[in-house]
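**Q** Would you be able to build a 3D model of this:
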Amino acid sequence: MSDVYDRLTKLLANGFGLEPEELKPEDTFGHLEMDSLALVELTVAAEEEFGVTLTEAEVGPDSTLAQAARVIEAKAGAA
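**A** Here you go, the predicted model:
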């Protein structure tokens, strides 16, 4: 996977107590049992980490980790 994906899984591990080795690219945030507050916290952490702005439509409960990483990569590349 990409550097962005690896950094995203580290954010999840450090901030939300998830084990990086148990995370899969096809996991959705809903499957990971992240509620709306956790998603807001993750979005803020990701925005700080990657220097991008993310919307709820881009990173929501039905988004997979791989989709979120691609959105971040695209936005970071455009910045």
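**Q** residue boundaries of the helices in this protein?
**A** For the chain, applying DSSP state H gives helices covering 3-16, 36-50, 65-78.
**Q** With distance to residue 57, mean neighbour count and mean pLDDT added, can I get those in a markdown table?
**A** In short, each C-beta sits where N, CA and C put it, glycine included. Listed next are the helices of the chain as a markdown table, based on distance: least, CB to CB, whole Å; neighbours: other CB atoms under 10 Å; pLDDT from 0 to 100:
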| stretch | distance to residue 57 | mean neighbour count | mean pLDDT |
| --- | --- | --- | --- |
| helix 3-16 | 17 | 16 | 94 |
| helix 36-50 | 11 | 16 | 95 |
| helix 65-78 | 10 | 17 | 93 |
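**Q** among those helices, which is nearest residue 23?
**A** Proximity to residue 23, assessed across the helices of the chain by CB to CB, is greatest for helix 3-16 (5.0 Å).
**Q** quick check, distance from the closest one to the centre of its chain.
**A** Centroid separation between helix 3-16 and its chain, computed with CA atoms, centre = their mean, to the nearest Å, is 7 Å.
**Q** Use 803 as the first number from now on
**A** From this message on, residue numbering opens at 803, which makes the last subject helix 805-818.
**Q** residues making contact with that helix?
**A** Residues from elsewhere that reach helix 805-818 (CB atoms under 8 Å, 6 or more residues apart in numbering): 820-822, 825, 827, 834, 836, 840, 843-844, 847-848, 851-852, 867-868, 870-871, 874-875, 878.
**Q** repeat that for 10 Å
**A** Applying CB atoms under 10 Å, 6 or more residues apart in numbering, the contact partners of helix 805-818 are 803-804, 820-827, 829, 831, 834-836, 840, 843-844, 846-848, 850-852, 854, 861, 867-868, 870-876, 878-879.
**Q** and what of stretch 842-852?
**A** Residues outside stretch 842-852 that contact it (CB under 10 Å, 6+ apart): 806, 809-810, 812-814, 816-818, 831, 834, 836-837, 854-858, 860-862, 870-871, 873-875, 877-878, 881.
**Q** mind running it again at 7 Å?
**A** If you take CB atoms under 7 Å, 6 or more residues apart in numbering as the criterion, stretch 842-852 is touched by 806, 809-810, 813, 817, 836, 855-856, 861, 874, 878.
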